[in-house]
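Engineer: Sequence and predicted model, in that order:
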Amino acid sequence: MLTLALLFALAPADEGWQEVAKAKGLVVYNRARPGSEVREVLAIGTFDASPEHVHRVLDDNAHYQDFMPYTKVSRVLKREGSTVWSYERINAPLVAERDYTVKITHRQLTRADGSVVMHHAFTQSNADGPAAVDGVVRIAVLDGRWELEPLDGGTRTRATYWVYTSPGGSVPTFLVNAANTNAVPGLFDAVKGALPSHAR
């Protein structure tokens, strides 16, 4: 069971977050991370669908290549209870392909009013996946999570997304930070587009 303090530990009111973009009801922030030139990214937006519907899209790793931006391969390796391991390969413009194995853990918190907040955390887990591939850069830095809160009686969702990642290789840091920020609206649009038509 998650505590409220853990679940809502990231918010724009926390020290260091700076608003860097706003579009279509989505607000994106970033902040410096001690000991790193790569910045953390935080985004808050809404979906016109229940948290359960949004969670099903995020949990559909086997089909990420069908709707997630730049995803060339997404293959579920194993599931154990509320945890899943997935191998993913990314083919983004202007850089070599990237790949990684990710461990995703799902949890939920029932609030005092009976509503459920869904928590979808992910982290790099390359030791649990395939060996590195020649010509493909292995991503070694990846941590993030989604928090899905019900709005309007559970018919809509307030989604908080946090990520800290670096693509590795020789990409300049300023381009890494710009790409991490600029990718967020496309990510939210991809999730929205994968929702059932009756839930959008």
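Structural biologist: Received, thanks.

Engineer: Do a quick rundown of the strands in the protein.
Structural biologist: 18-23, 26-33, 36-47, 71-80, 83-90, 98-110, 116-124, 137-138, 141-151, 156-166 (DSSP state E).

Engineer: Give the partner strands of the third one in its sheet and their orientations.
Structural biologist: Going back to what we said before, that points to strand 36-47. strand 26-33 (antiparallel), strand 156-166 (antiparallel) (DSSP bridges).

Engineer: List of residues touching the lengthiest helix in the chain?
Structural biologist: For the chain, the helix with the greatest residue count under DSSP state H is helix 173-194. Applying CB atoms under 8 Å, 6 or more residues apart in numbering, the contact partners of helix 173-194 are 20-21, 23-24, 26, 28, 30, 37-39, 41, 43, 45, 47, 54, 57-58, 60, 66-69, 92, 159, 161, 163, 165-167, 171, 200. Bear in mind the C-beta positions are built from the backbone N, C-alpha and C, glycine included.

Engineer: wait, residue 19 sits on residue 29?
Structural biologist: Yes - the pair residue 19 / residue 29 is scored as a contact, 5.4 Å apart, by CB atoms under 8 Å.

Engineer: Quickly list what's touching both of these two.
Structural biologist: Common neighbours of residue 19 and residue 29 are listed as residue 12 (criterion: CB under 8 Å, 6+ apart).

Engineer: Between the two, point out the one with more neighbours.
Structural biologist: residue 29 (24 against 11; other CB atoms under 10 Å).

Engineer: dump the residue contacts of the more buried one.
Structural biologist: 12, 17, 18, 19, 20, 41, 42, 43.

Engineer: ok, those vs residue 153, which is closest?
Structural biologist: Nearest to residue 153 among these, counting by CB to CB, is residue 43 at 23.9 Å.

Engineer: Just the pLDDT for the closest one.
Structural biologist: The model reports residue 43 with a pLDDT of 96.

Engineer: for residue 111, same thing?
Structural biologist: In this model, residue 111 is scored at 81, pLDDT.

Engineer: do the same with residue 5
Structural biologist: On pLDDT, residue 5 comes in at 43.

Engineer: got the buried residues for the longest helix of the chain?
Structural biologist: By neighbour count, with 16 or more other CB atoms under 10 Å as the criterion, the buried positions of helix 173-194 are 176-177, 179-181, 183-185, 187-192, 194.

Engineer: can you check stretch 98-117 too?
Structural biologist: Here stretch 98-117 shows 98-104, 106-109, 116-117 as buried, counting by 16+ other CB under 10 Å.

Engineer: Just the closest of the residues you listed to residue 140, please.
Structural biologist: residue 100 (7.8 Å).

Engineer: beta partners of the closest residue to residue 160 other than its chain neighbours?
Structural biologist: Among residues not flanking residue 160 along the chain, residue 147 sits closest, at 4.4 Å (CB to CB, 6 or more residues apart in numbering). The partner list for residue 147 in beta bridges (DSSP bridges) reads residue 119, residue 160.

Engineer: All good on my end, thank you.
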